[in-house]
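Visitor: I would like the atomic coordinates for the input below:
(2 chains)
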There are 2 protein chains.
Amino acid sequence: MRFVDACLGRPVDTTPVWLMRQAGRYLPEYRALREKVSFLEMCKDPDLVVEATLQPLRRFDLDAAIIFSDILIPIEAMGVPVEFVPEPRLPRPVRSSDEARNLRLPDPLRDTGFLMQGIARVRKALDPARALIGFAGAPFTLATYLVEGGGSRDFFQTRTWMVRDPDGFSGLLARIADAVAPYLRAQVDAGADAVQVFDTWAGELTPDDFRRFALPAARSVIERVRREGVPVIYFVNGAAGVLDDLVHSGADCLGLDFRVDLGEAIRRIGGRASVQGNLDPMALFAPPEDLRRRVASLVEAGRAARGHVFNLGHGVHRDTPLSGVETLVEEVHRRGVRSGAETGT
Amino acid sequence: MRFVDACLGRPVDTTPVWLMRQAGRYLPEYRALREKVSFLEMCKDPDLVVEATLQPLRRFDLDAAIIFSDILIPIEAMGVPVEFVPEPRLPRPVRSSDEARNLRLPDPLRDTGFLMQGIARVRKALDPARALIGFAGAPFTLATYLVEGGGSRDFFQTRTWMVRDPDGFSGLLARIADAVAPYLRAQVDAGADAVQVFDTWAGELTPDDFRRFALPAARSVIERVRREGVPVIYFVNGAAGVLDDLVHSGADCLGLDFRVDLGEAIRRIGGRASVQGNLDPMALFAPPEDLRRRVASLVEAGRAARGHVFNLGHGVHRDTPLSGVETLVEEVHRRGVRSGAETGT
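Guide: Residues are numbered from 1 along each chain as shown, chains lettered A, B, ... in the order given. Have a look, this model is predicted:
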């Protein structure tokens, strides 16, 4: 698979591409699905999971599908109720080490079987040349939701816990990692060809706190999943301040947000990992010639990487014109870099 | 003045310190003031401006006062109504080049005389060894409020304008710069010893867009203000991805947020500018010994800079314990670096 090969730094015939949030609201057929059911109902219905996952691949020549789900699904399985109103809300936040220790360690098959069924069915339905990506939130990012009781602007509860009781907070992260690692391994067992670990909020930490808290917790998950033999992508949103630390996550491929210069990131990462990213999602609103120019420039920068998976540097925006996505995917494959020729393979 | 000297890279007897949002809600005496009047009323009453500006300097041994105001004050003077409900709301956003061209260029003395009066009175009341800082929002940051009609999470209107009509958007930035530069010069004329230009949202751009839009617009303001002979500080929130570009702003001192490693930033900035920052505001919630350790570590990193103004890497949080601020200020001065000894001055 072109996508898996690029993640692992193996030869590819052209640059693979997929888009974060490609199964989502910019697609009219997705909006039609969502008219009938709530977001959580959709995540828990294997038929709808399969349908939403495959929708973008029917329209676009994408190299990977990503299973339709939400990073808060395992949180619910840990015994913490989650609502979407429509923003996520957790009415019983976790604020102490005692509460952290009492978090359930779910059985992925029993507690989130709908997802594993969805993965198995998508894998069967999918063109063998396309990869299926499983995913989970990284421990720090999940901790912010658990502690804040939802989204947050300044992560006040999380970050004051961290400074007042660093060991207790590390204990919470370890507990979450112990839930997330088996959850991702179950996704691999069900048929996922790769997994992505989303650290959406780790970029809000000081570099020291990132290295002390978010990174070791993510690494502990990534190590346990890589033993399954599939590539792991670690995406840290807002990673510009910790670029040199990302390789210590142990991930095969590092997902980069759009506020990082791709060329500089590749220089700093060197041959130690592949990279994924990082077109500004707003570029999909640009005139086609301008969009093509931006795609070409990133593909060109990606030549220097061990492997490059083209992606946006953030989720696709719900108002994105479909023609922009079409142009993007075509242009990546047309301009894309054939790599590994020098190895004769 | 110790603060001005550090901004300009001149010898100081110890590291100067002030805190972003030091005149604000963490102070009980500020909350008492605010009980009687709205935020905008307070900004427009020179007596209250003077009182709020001086409050933190009565409690703490700070090296600078920053005039109490809001970055949206000149926006109102440009003819665009602003409400605080309590978040800023602009019911008539600017969405076209025509609207941008029609923005008024205010007369700072006539339209924002309350601020200039406040500055003059604070300067008279203030210990001559303490600096008074004036400020304004940078053009890009002000543009986000004008275009979005308030705060935003993804800056969708702003960023789609930017990709669809880059020249028109640059025109908007130029118009804002033409309003902001005289506004800052008037603050200097009124008695400000330095000014800070806040680019709160420029870190949300790709590095290319930062260099194309936010940076030239900020530079155009900074150049016009530096001619007044006072130091200019340029603060970009979330600047980790554009550290190497900041010196091209022309600012004397670069304000850094807490997601940047201070030592790395200083290495990249070299002797081309002083730096300001960048303690995590959450460190003020840490046990005193831990806070002291963090302060010492930043002071130590600051030794390598041309000049170092100690500050938080973001505004002080409203729930901050006063004892933390006390410890911080004491520790900066105690640990602070005497510089310039090698020049014999």
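Visitor: CA atoms for contacts and neighbours, from now on please.
Guide: Noted.
Visitor: now for the residue in the stretch 101-250 of chain A that chain B sits nearest to, how many residues are close by?
Guide: Nearest residue of the stretch 101-250 of chain A to chain B: A:Thr206, at 4.4 Å (C-alpha to the nearest C-alpha). Using other C-alpha atoms under 10 Å in any protein chain shown, A:Thr206 has 21 neighbouring residues.
Visitor: same check on the one 3 residues further on?
Guide: The burial count assigned to A:Asp209 is 18, neighbours taken as other C-alpha under 10 Å.
Visitor: low-confidence regions, chain A specifically.
Guide: A:340-345 (pLDDT under 70).
Visitor: can you confirm A:Val197 is in a strand?
Guide: Yes: A:Val197: assigned to a strand according to DSSP: H, G, I helix; E, B strand; the rest coil.
Visitor: got the phi and psi for A:Val309?
Guide: phi -100, psi 120 (degrees, to the nearest 10).
Visitor: what does the stretch 201-345 of chain A have sitting close to chain B?
Guide: A:203-207, A:240-241, A:258-261, A:280, A:282-283, A:285-287 (C-alpha under 8 Å from any C-alpha of the partner chain).
Visitor: on that earlier part again, now do the contacts for the residue of the stretch 101-250 of chain A closest to chain B.
Guide: Contact analysis of A:Thr206 by C-alpha atoms under 8 Å, 6 or more residues apart in numbering or on different chains lists B:Phe258, B:Arg259, B:Val260, B:Asp261, B:Asp280.
Visitor: out of these, who's near chain A?
Guide: B:Phe258, B:Arg259, B:Val260, B:Asp261, B:Asp280.
Visitor: any chance of a PyMOL selection covering the buried ones in those residues?
Guide: The PyMOL selection below is limited to those of these classed as buried (16 or more other C-alpha atoms under 10 Å in any protein chain shown):
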select buried, chain B and resi 258+259+260+261+280
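Visitor: would you say A:Met42 is within a helix?
Guide: Yes: assessed by three-state DSSP, A:Met42 belongs to a helix.
Visitor: can you give me the helices in the stretch 201-345 of chain A?
Guide: Listed from the start of the chain, the stretch 201-345 of chain A has helices (DSSP state H, counting those that start in this stretch) covering A:207-209, A:215-226, A:262-269, A:288-302, A:322-335.
Visitor: sort out which residues of the third one are buried, please.
Guide: So that's helix A:262-269. A:Leu262, A:Gly263, A:Ala265, A:Ile266, A:Ile269.
Visitor: and that helix, how far out from the chain middle?
Guide: 20 Å (C-alpha atoms, centre = their mean, to the nearest Å).
Visitor: ok, now the shortest one?
Guide: Using C-alpha atoms, centre = their mean, we find the averaged C-alpha position of helix A:207-209 to lie 22 Å away from the chain's own average C-alpha position.
Visitor: and for the fourth one?
Guide: Put simply, helix A:288-302 sits 23 Å off its chain's centre (C-alpha atoms, centre = their mean).
Visitor: by contact count, what packs against it?
Guide: Helix A:288-302 sits against helix A:262-269, strand A:274-279, helix A:322-335, with contacts defined as 3 or more C-alpha pairs under 8 Å, 6 or more residues apart in numbering or on different chains; DSSP states H and E.
Visitor: return the most buried member of these.
Guide: strand A:274-279 (a mean of 28; mean count of other C-alpha atoms under 10 Å in any protein chain shown).
Visitor: what sits against A:Val49?
Guide: A:Met42, A:Cys43, A:Ile67, A:Phe68, A:Ser69, A:Leu115, A:Gly118.
Visitor: among the residues you listed, which ones are buried?
Guide: By 16+ other C-alpha under 10 Å, the contacts of A:Val49 give A:Met42, A:Cys43, A:Ile67, A:Phe68, A:Ser69, A:Leu115, A:Gly118 as buried.
Visitor: okay, and which of those map to helices?
Guide: With helices taken from DSSP state H, the overlap with those comprises A:Met42, A:Cys43, A:Leu115, A:Gly118.
Visitor: please consider this matter closed, and thank you.
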